[in-house]
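Peer 1: sequence and predicted model, in that order:
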Amino acid sequence: MLLFWLLSAPASVSGQDTVARRPLSPAWEPLAGAVLFSGGALVTLRPELHNIEVHIHDGLHLSELPHTHLDNILLLVPMATPFVLNIAGLPAEHNLGQMALFAGTSSLIGLAVIESCKLFYGTGRPDGTTLNSFPSGHTFMAVTGAEILRREYGSDYPWIAVAGYGVAAIVGLMRIYNDRHWFSDVVGGTGVALLSVSASYALWGAGKSKTKKYTNETITTLR
């Protein structure tokens with residue numbers, strides 16, 4: 001967790017093609033991510049806390065409700081939105097190539113953590129199908145896209161950031177409604193997303209010597 005915190009310094013990628021706008025100050029995300037992940041893991045590991053989730057789940061009779069697969073589609077909407085907006089002509093904080101680096105790196109880091117945790121914790125799903133419930137991968141993908149969307153457009157278009165996180169929240173709630181995840185799984189997936197995006201932006205956009213090679217001349221080849 002300390003590594004993610006150290007990597008959370010505000011980032012900026014140099015290059016003429018990058019839009020110079022009001023810089024974001026994302027110093028709170030790694031801390032929030034660590035708290036959310038730790039909280040979700042604590043509830044998962046402590047039987048007395050997890051039993052509260054089970055009691056609420058049983059009281060809502062979620063297993064008896066009709067389920068939907070809409071969450072399998074919605075989870076991709078926040079991630080796709082900044083690329084669609086940029087292509088449509090609405091400038092973001094970074095260009096398409098840079099956003100692709102951020103999105104790709106965030107996804108690789110986060111999915112590695114998600115899959116490792118699923119193997120390590122071995123939490124049973126609410127529907128009793130498998131033992132890989134914690135943390136929620138669907139929630140991770142949705143929040144990762146929402147956080148990238150917020151960083152790229154949130155300073156100038158706050159409503160876009162709100163909409164992105166709104167979709168991510170719907171995905172998380174649908175995972176619970178569809179009897180596929182516990183609330184702690186959704187909280188843990190959100191934490192992994194915030195940590196992964198923070199690490200990605202710091203690694204590729206810190207503006208230090210190791211990232212100076214990603215200037216306009218090289219990054220445009222990814223567009």
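Peer 2: Yep, it's here. If you're wondering where the values come from, they're calculated on a predicted model, not measured in any experiment.
Peer 1: return the list of helices and strands in contact with the longest helix seen in the chain.
Peer 2: With secondary structure taken from DSSP state H, the chain has its longest helix at helix 96-121. When contacts are defined as 3 or more C-beta pairs under 8 Å, 6 or more residues apart in numbering; DSSP states H and E, helix 96-121 sits against helix 28-45, helix 77-87, helix 137-153, helix 183-205, helix 216-219. For every residue, glycine as well, the C-beta is placed using N, CA and C.
Peer 1: in the second one, what's buried?
Peer 2: With burial defined by 16 or more other C-beta atoms under 10 Å, the residues of helix 77-87 counted as buried are Val77, Pro78, Met79, Thr81, Pro82, Phe83, Leu85, Asn86.
Peer 1: how close does the residue nearest the centre of the chain get to Trp28?
Peer 2: The structure's the chain has its C-alpha centroid closest to Thr144; by C-alpha atoms, centre = their mean the separation is 2.2 Å. Counting by C-beta to C-beta, to the nearest Å, the separation of Thr144 from Trp28 is 17 Å.
Peer 1: where does this structure dip in pLDDT?
Peer 2: In the predicted model of the chain, residues 1-26, 206-223 satisfy pLDDT under 70.
Peer 1: enumerate every residue touching the residue nearest to the centre of the chain.
Peer 2: Residues in contact with Thr144, defined by C-beta atoms under 8 Å, 6 or more residues apart in numbering, are Pro78, Met79, Ala103, Ser106, Ser107, Gly110, Ala193, Ser196, Val197.
Peer 1: same deal with Arg46?
Peer 2: Residues near Arg46 by C-beta under 8 Å, 6+ apart: none.
Peer 1: same question for Met174.
Peer 2: Applying C-beta under 8 Å, 6+ apart, we find Met174 in contact with Thr68, Leu70, Asp71, Leu74.
Peer 1: not counting its neighbours along the chain, what's nearest the second one?
Peer 2: Think Leu70. The shortest distance from Leu70 to any non-neighbouring residue, by C-beta to C-beta, 6 or more residues apart in numbering, is to Met174 (6.7 Å).
Peer 1: can you check the third one too?
Peer 2: Computed as C-beta to C-beta, 6+ apart, the closest residue to Asp71 that is not its neighbour in sequence is Met174, at 4.0 Å.
Peer 1: what angle do helix 77-87 and the helix or strand containing that neighbour make with each other?
Peer 2: With secondary structure defined by DSSP states H and E, Met174 is part of helix 158-177. In this structure, helix 158-177 runs at an angle of 160 degrees to helix 77-87, with axes from the mean of the first three to the mean of the last three C-alpha atoms, to 10 degrees as the basis.
Peer 1: angle of helix 158-177 against helix 137-153?
Peer 2: With the same axes, to 10 degrees as the basis, helix 158-177 and helix 137-153 are set at 180 degrees to each other.
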